[in-house]
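Chemist: Whatever this is, show me its structure:
(chains A and B)
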Amino acid sequence: MKPFTVLDGGTSLTNLTGSWRTERPAYVHRLPPCNSACPAGENIQEWLSLSQQEKYEDAWREIVKNNPLPAVMGRICYHPCEGACNRETLDTPVGINSIERFLGDKALKEKWAFDKAAAKSGKKVLVVGSGPAGLSAAYHLAKLGHKVTIKEAKKKAGGMMRYGIPQYRLPRKVLDAEIKRILDYGVELQTSAKVSSLADVMKSKTFDAVFLSVGAHIAKLTEFPTDPKARVLDAVAVLSNMEGREKPKLGKRVVVYGGGNTAMDVARTAKRMGAKEVTIVYRRTREKMPAHSFEVDETLQEDIKIKFLVTIKKYQNKKLTLGKMALDSKGYPQPTGKNETMEADCVVLALGQDSDLALLEKFPGLEVADGALKVDARLMTSHAGIFAGGDMIPSERTATTGIGHGKKAARSIDAWLRNIELPALSKHELAASENLNKWYYDKAPQAKREMIDLKRRTTTFDEVLKGLSEPEALSEARRCLSCGNCFECDNCYGVCPDNAIKKMGTGKGFEINYDYCKGCGLCAAECPCGCIKMSPEEI
Amino acid sequence: MKNTQAKRKATYTIGNRLEKESDRAVQASPDRANSLTSGHRACQGCGEALGARMVVDAAMRATKGQLIVVNATGCLEVFSTPYPETAWKTAWLHSLFGNAPAVATGVVAAMEVKGHNNVRVLAHGGDGSTTDIGFGCLSGMFDRNDDVLYVCYDNQAYMNTGVQRSSATPPAARTATTPIAGSEPGNVFGTGKNIPLIAMAHQIPYVATATVADARDLEAKVIKAMSMRGARYLHVLVPCPLGWGSLPRETIHLARLAVQCGLYPLFEAEHGEVTSSTTIRQPVPVEEYLKLQRRFAHLFKGGKPVDDRVARTQAIADANIRRFNLLREEESHS
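Modeler: Numbers count the residues shown, from 1 in each chain, chains lettered A, B, ... in the order given. Alright, predicted model coming up:
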């Protein structure tokens, strides 16, 4: 017999404290700002996450799901991802572009090949033009099982990546290697094969669908009085001719007219060709320059001068007359009536480019507006089966935008050929800086790519930016905050006072046990990356 | 005195899949003991429930489960063990409000008699049982250097019975017994005890302070304490949403701010000497800490301090920063 009243012992687990809850935590995915900003639609956060785990090949495979040219884009992309990076509010953005280059270069070195393509569809697609959009479309179409032929007007593939971007920014062996990988994937390339009439191509009925991506290769020009001695060139021709045997002759004193990236490229090219004095003249101010700030900085470092608020009035007797401008009260440049003069052996116009849409002539039903071909949301033109992308459609006109167009068009073409509807894409809400608990992130300096020395920069076409070493790339990848998506830091699991979060194991995340979760919200408040959302309980 | 700031792999989170399993916190482990399991009746966002699990789980790991826990009366005992239910998954013993250290001494003696030298003893309670009611027993346990780790979960008042002042209640805090009334509303300045310093005065082998805002730091201190023999003392700051008038989700944020503003210095001492302190990583003025708590609401009007009591609180924090060497820059200037 027991000496006094004893109740049977029990565990508190019979007490389901989840009934106290008025707010419910749930794991969510938010869209990382880098992914949101990428014109090629890369899942940047995912390949950074794989890089953090030193799974470099997996990381590269994640990139090429969307972009078949990582080594190229890791050099020439203007990385809007970095501009959107939430890490900016902590110290400096993650150097995404430099890690992409590291992975792209590693893939070339290790000779990683693309994943096997889908089963053959039996459909044939023509891609006109082999710039970023054309190559991307060709790759994605091949991946989806279609037979792709690229027709390229020039001697080699690459479009503006070869005939516009100087070698000191994109070494040709890198470009060649990444193009070769696409060709090895079963894409047929025909060079010096300009399509001068789309009507003829369509009549031949050789192809089931067409993707047009002829780019924008015609330089915009301007008129001012000159004399027979005046050498006036256009930037597109100068940069393109750099790829031929006969290099363009520019002289000792070169003036470049314009303020965009092409103006910087041609000025820096002139410097490397041996010009003593290179001057960029631009009618507005530095703030208004369309060129990217870092490109302007690099240009200025190379002893190239920029004259702001001037226009070219005339160019006679190797003498250039510049009209001085001044900003009016609204900030627009207005002529002042005052002039200045300078000596110049040649003037290069870098005033923007137009698309050569001659191939569309005699082809009824294609809508063109402001020199650009109109397309719908699927990138299909007003003619069924003809799609278009890249610089020839209204767009941002960057290589990365072209990559994105190529991918999107490939998916649309695939759906059109198979007569299926593409599922509507739903996007998660953006992972904003306010969603993060930044206490948990340590400040860490960005691993910057070094430049070769200035003397070498201004006298050779060697690549200006060096790549990151593996340890640098690793530490840079580890700076990623994983905005809006769980990176298994265990905070929620560790801070729950009610032991109501289950750890499911590496790669499997966590689950909330609503039988015991009281809804205190500590997990959400202490989640560094903002992947837990509290919502009111339905009562 | 060493001034330390542990370096983590890119983040200061509790775990991290990039770290070796052995480098991760006990609280990151799927195999943690969960000594205080689900279903306990602590309030939403309870700092003490969290702190107790962190401490006892770490002690369970350090002793490979050979642990007996003695609990003083207080919130922790009431919410975890309403007879006949218990949330404890360890050998656990409760006696009275004031005698936990003495009971722990007794358990140690019993284990010695039975020859169970590997069984270790941890006693714990809130600030009421530690700084007031059980203080005589605690001092005696220190005096005899009994082989017990005593842990105080300091939520700065008697929360279980309705938020009465203890000798750990900070100046100006409103409690049921220090109301907003009279010439000096809330708890008066110049009163109270600093138990970690009193513990150090006993020259015991180990004294440390920690909070629920840094599980790794807290666990490291428990594990270090369990590697030693003799009387050891750990003081853990555990915010109380009910008594402090704070949001349940801000429990950890408040513990962090208490450290970052200097009011709650993190340090370790051995045999009466401070051996290390943790650098403040992101210094903040005391206002940021005070403003989130309704017990201090009477110090502000329209977001501005009503009198010099905020400045006097800041002076306390500044004195801590000097005394415990909490800012690296200051160290290099002096």
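Chemist: Okay, and the nearest residue to residue A:437 once chain neighbours are set aside sits in which element?
Modeler: Of all residues not flanking residue A:437 in the chain, residue A:528 sits nearest, at 5.0 Å (CB to CB, 6 or more residues apart in numbering or on different chains). Yep, even glycine has a C-beta here, placed from its N, CA and C like the rest. Following DSSP states H and E, one finds residue A:528 outside all helices and strands.
Chemist: Tally up the residues packed near residue A:528, please.
Modeler: 22 (other CB atoms under 10 Å in any protein chain shown).
Chemist: try residue B:319
Modeler: Going by other CB under 10 Å, the residues that sit close to residue B:319 add up to 12.
Chemist: Which secondary structure element is home to it?
Modeler: helix B:309-323.
Chemist: other SSEs contacting that helix?
Modeler: Packing partners of helix B:309-323 (3 or more CB pairs under 8 Å, 6 or more residues apart in numbering or on different chains; DSSP states H and E): helix B:286-290.
Chemist: Following the chain onward from the helix it packs on, which element is next?
Modeler: strand B:300-301.
Chemist: who in the stretch 151-300 of chain B is up against chain A?
Modeler: Selection of the stretch 151-300 of chain B residues close to chain A by CB under 8 Å from any CB of the partner chain yields B:212, B:215, B:247-253, B:256, B:282.
Chemist: contacting residues around residue A:379?
Modeler: Residues counted as contacts of residue A:379 (CB atoms under 8 Å, 6 or more residues apart in numbering or on different chains) are A:387-389, A:393, A:405, A:408-409, A:412.
Chemist: and these, which of them are in helices?
Modeler: Counting by DSSP state H, the contacts of residue A:379 place A:405, A:408-409, A:412 in helices.
Chemist: between those residues, which has the most around it?
Modeler: Neighbour max across the ones in helices among the contacts of residue A:379 (other CB under 10 Å) = residue A:409, 32 neighbours.
Chemist: Just the pLDDT for that residue.
Modeler: Residue A:409 carries a pLDDT score of 98 in this model.
Chemist: now do residue A:361
Modeler: 87.
Chemist: Kindly indicate which of the contacts of residue A:379 lies nearest chain B.
Modeler: residue A:408 (33.4 Å; CB to the nearest CB).
Chemist: how far away is the nearest residue to the closest one once chain neighbours are set aside from residue A:388?
Modeler: What sits nearest to residue A:408 in space, not counting adjacent residues and going by CB to CB, 6+ apart, is residue A:379, at 5.6 Å. As judged by CB to CB, to the nearest Å, residue A:379 and residue A:388 stand 6 Å apart.
Chemist: Could I get the full set of strands for the stretch 301-450 of chain A?
Modeler: Counting by DSSP state E, counting those that start in this stretch, the stretch 301-450 of chain A has strands at residues A:305-307, A:310-316, A:319-327, A:333-343, A:346-349, A:353-354, A:368-369, A:372-373, A:386-388.
Chemist: wait, which of those strands is closest to residue A:190?
Modeler: With CB to CB, the closest approach to residue A:190 among these belongs to strand A:386-388: 18.8 Å.
Chemist: Tell me, how many residues neighbour residue 219?
Modeler: Looking at chain A here, since you left the chain open. By other CB under 10 Å, 22 other residues sit near residue A:219.
Chemist: hm, I was asking about chain B
Modeler: Around residue B:219 there are 24 residues (other CB under 10 Å).
Chemist: So which elements touch the host helix or strand of it?
Modeler: Using DSSP H and E, the element containing residue B:219 is helix B:215-226. Packed against helix B:215-226 by the contact rule (3+ CB pairs under 8 Å, 6+ apart) you find helix B:47-62, strand B:148-154, strand B:206-211, strand B:232-237.
Chemist: In TSV: the ones you listed, plus mean pLDDT and mean neighbour count.
Modeler: Output for the helices and strands packed on helix B:215-226, formatted as TSV (pLDDT from 0 to 100; neighbours: other CB atoms under 10 Å in any protein chain shown):
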stretch	mean pLDDT	mean neighbour count
helix B:47-62	98	27
strand B:148-154	98	28
strand B:206-211	98	27
strand B:232-237	98	27
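Chemist: As a markdown table, the ones you listed with distance to residue A:348 would be great.
Modeler: Formatted as a markdown table, those follow (distance: least, CB to CB, whole Å):
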| stretch | distance to residue A:348 |
| --- | --- |
| helix B:47-62 | 68 |
| strand B:148-154 | 74 |
| strand B:206-211 | 65 |
| strand B:232-237 | 69 |
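Chemist: Any stretches of the chain with poor pLDDT?
Modeler: I went with chain A, as the question did not name one. A:1-8 (pLDDT under 70).
Chemist: Oops, wrong one, chain B.
Modeler: B:1-10, B:329-334.
Chemist: could you measure the residue nearest to residue A:437 against residue A:44, distance?
Modeler: Where residue A:44 is concerned, residue A:528 sits at a distance of 18 Å (CB to CB).
Chemist: for chain B, what spans make up the strands?
Modeler: B:2-4, B:67-71, B:85-86, B:91-94, B:120-126, B:148-154, B:206-211, B:232-237, B:267-270, B:273-278, B:300-301, B:304-305 (DSSP state E).
Chemist: out of these, which comes closest to residue A:274?
Modeler: strand B:2-4 (58.2 Å).
Chemist: which residues sit in contact with residue A:63?
Modeler: Contacts of residue A:63 (CB under 8 Å, 6+ apart): A:42, A:47, A:70, A:100, A:103-104.
Chemist: Return the subset of those residues lying in strands.
Modeler: Per DSSP E, the subset of the contacts of residue A:63 in strands is empty.
Chemist: What about the residue found closest to residue A:70 once you drop the neighbours it is linked to in the chain, how many residues nearby?
Modeler: In this structure, residue A:70 finds its nearest non-sequential neighbour in residue A:104, 3.4 Å apart by CB to CB, 6+ apart. For residue A:104, the count of nearby residues is 25 (other CB under 10 Å).
Chemist: got it, and residue A:70?
Modeler: With other CB under 10 Å as criterion, residue A:70 counts 28.
Chemist: show me what contacts it?
Modeler: A:60, A:63-64, A:100-101, A:103-104, A:107, A:178.
Chemist: Now a PyMOL select for only the buried ones of those residues.
Modeler: The buried residues among those can be selected in PyMOL (16 or more other CB atoms under 10 Å in any protein chain shown) with this line:
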select buried, chain A and resi 60+63+64+100+101+103+104+107+178
